[in-house]
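# Sequence first, then the predicted structure:
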Amino acid sequence: MAENLMDKIVSLCKRRGFIFQGSEIYGGLANTWDYGPYGVELKNNIKRAWWKANVQERNDILGMDCAILMHPGVWEASGHVENFFDEVMECNKCKKRFKVEQVQQKYPSITTGGGVGKWKCLECDGELGLPRKFNLMFKSSKGSLEDTSSLVYLRPETAQGMFVNFLNILDTKHPKLPFGLAQIGKAFRNEITTGNFTFRTCEFEQMEIEYFVRPQDADKKLAEWIEARFNWYLDLGIKSQNLRKRQHGKDELAHYAHACTDIEYNFPFGTSTSLECHGESSRTVGWAELEGIANRSDFDLKQHAQYSGKDLQYFDDLKKEKFYPYIIEPSGGVDRAVLAFLIDAYHEEKVKEETRVVLKLNKDLAPTKVAILPLLRNRPEIAELAKKISQDLKKSFTAIYDDTGSIGKLYRRQDEVGTFYCVTVDVQTLEDKQVTVRDRDTMLQERIGIDRVKDYLVEKLI
Ligand code: ATP
């Protein structure tokens, strides 16, 4: 049933224009995805909701948009050059690479070493080579010379851009602790095991906050952020039974992190990926990370101070002392959030022996708020009036006009993409200047004057 739900989501995404396979007409490029017209609206709405809650509605967080390409020294300081790798084993026949953790599930003795030929490939009859370290950062070269001096990496996280701008922010905005920086942007990781639709890809977007605090306040602020971020998903409609917090065990923590809690969603697929990553057999299959909230200690600022030679300490005017703040980092994935919201909103019900599919997305997230539909498309005056109404509403809402099917078909189509209201123009409208407004979730219909439609929608949607 759960796997079946995932198939339905993938098929709906393609059929209705949420998400397409990347480079499809060339046979596709594995695990790349393109967001179509509805997908980009949903994704933008999620990013907008995040930005509003975490930047615009707060006094203590400033927004940023940093470069994807950064000085290679950044990745030395951050530890990514040395530590950001997977251990992989490559098949000598099909050349496919597997994470050691994956192979371990079949051959538990793998870490104790041994020669080539001991382990059969997981997908063909070839043999796996010895484990090798494989850095997850994408490399490229900048400029006309392709040598080590031109080496650049595509950032594997947005966080570092904010750490390296700490001084600029202190100098320009003079914020007092605690304060944060926030950024939404692309990140790239050369993942070995991709899959599960958009859950794990090589190119994805992150929404990250770096919140600078006094070391003694770190535990309290971490707890506050875990609550705030958990509630953000609930407020936008994720069902509470599908969301949970999971505190990392000591063995899971990055060496610099003092604590970390993941917000997990119960995805309808076996998340062997999370089992692999954390090596836990006790976890319920399906629960996987949407967002991690970590206490990163003062590691990042100290590292960048050491590698850049700049003083990145904070000066406390009152106490007249300098120190490195601790950083609390809520770090979430936009694409995983899109996927979780889509799955959570998917709803089927029987209506007159037929299955009605509805995406019950929250009003702030629904890609289209209102669709204006002519009941009879072969009556030009009806179509003209419907187009005019849609043109007027477009100034205030994401509104569309659609006349490409019978009214039943048009309603079904709008339900499937989560459109909140349908406004239907019929023959009667030409006389009484009233339209029918249909509610997505209840399917109840109301007759209201054309001149009242905008206020009606404002009241319901804003
Ligand atoms: P995972 O354990 O799933 O690999 P992670 O712990 O490496 O994730 P972080 O480095 O904490 O992830 O990144 C923060 C967020 O970025 C994750 O919670 C996730 O939502 C998103 N993210 C990370 N890697 C990917 C990916 N390859 N594809 C899509 N989203 C990702």
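Sure thing, it's come through.
# which parts of the stretch 201-350 of the chain sit against the ligand?
201, 204, 206, 277, 289-292, 331-333, 335-336 (Cβ under 6 Å from any ligand atom). No exception for glycine: its C-beta is placed from N, CA and C like everyone else's.
# just those residues now: which is nearest residue 17?
Nearest to residue 17 among those is residue 335, at 16.6 Å by Cβ to Cβ.
# what's the closest one in contact with, if anything?
33, 43, 198-199, 201, 204-205 (Cβ atoms under 8 Å, 6 or more residues apart in numbering).
# Could you dump the residues you listed into TSV with neighbour count and pLDDT added?
Converted to TSV, the contacts of residue 335 look like this (neighbours: other Cβ atoms under 10 Å; pLDDT from 0 to 100):
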residue	neighbour count	pLDDT
33	21	96
43	21	98
198	23	96
199	24	95
201	22	94
204	18	97
205	20	98
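# Of the residues of the stretch 201-350 of the chain next to the ligand, just the buried ones, ChimeraX syntax please.
One line in ChimeraX is enough to select the buried ones among those; burial here means 16 or more other Cβ atoms under 10 Å:
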select :201,204,206,277,289,290,291,292,331,332,333,335,336
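# Just the residues of the stretch 201-350 of the chain next to the ligand: which are in strands?
Judged by DSSP state E, those include 204, 206, 289-292, 331-333 as members of strands.
# In this protein, which residue sits closest to the ligand?
residue 333 (2.3 Å; Cβ to the nearest ligand atom).
# pLDDT wise, what is residue 121 at?
At residue 121, the model reports a pLDDT of 88.
# OK, contacts around the residue nearest to it when sequence neighbours are not counted?
Take residue 121 and drop its neighbours on the chain: the residue closest to it by Cβ to Cβ, 6 or more residues apart in numbering is residue 91, 3.9 Å away. The contact partners of residue 91, by Cβ under 8 Å, 6+ apart, come to 97-98, 121, 123-124, 126-129.
# same thing but 7 Å
121, 124, 126-128 (Cβ atoms under 7 Å, 6 or more residues apart in numbering).
# That one and residue 122, how far apart?
Plainly put, residue 91 is 8 Å away from residue 122 if you go by Cβ to Cβ, to the nearest Å.
# what's the answer for residue 304, then?
Residue 304 is 40 Å from residue 122, by Cβ to Cβ.
# okay, those two: which has more neighbours?
For residue 304 versus residue 122, the count of surrounding residues by other Cβ atoms under 10 Å is larger for residue 304: 21 against 17.
# Which element, helix or strand, includes the nearest residue to residue 67 once chain neighbours are set aside?
Closest residue in space to residue 67, ignoring its immediate chain neighbours: residue 161 at 6.7 Å, by Cβ to Cβ, 6+ apart. Using DSSP states H and E, residue 161 maps to helix 159-163.
# Contacts for that helix, please.
Outside helix 159-163, the residues within contact range by Cβ under 7 Å, 6+ apart are 64, 66-67, 70, 74, 78, 181, 183, 208, 210, 300-301, 304, 329, 331.
# With distance to residue 56 as extra columns, can I get the residues of the stretch 201-350 of the chain next to the ligand in JSON lines?
Formatted as JSON lines, those follow (distance: Cβ to Cβ, whole Å):
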{"residue": "201", "distance to residue 56": "29"}
{"residue": "204", "distance to residue 56": "24"}
{"residue": "206", "distance to residue 56": "19"}
{"residue": "277", "distance to residue 56": "34"}
{"residue": "289", "distance to residue 56": "26"}
{"residue": "290", "distance to residue 56": "22"}
{"residue": "291", "distance to residue 56": "19"}
{"residue": "292", "distance to residue 56": "23"}
{"residue": "331", "distance to residue 56": "20"}
{"residue": "332", "distance to residue 56": "17"}
{"residue": "333", "distance to residue 56": "21"}
{"residue": "335", "distance to residue 56": "23"}
{"residue": "336", "distance to residue 56": "23"}
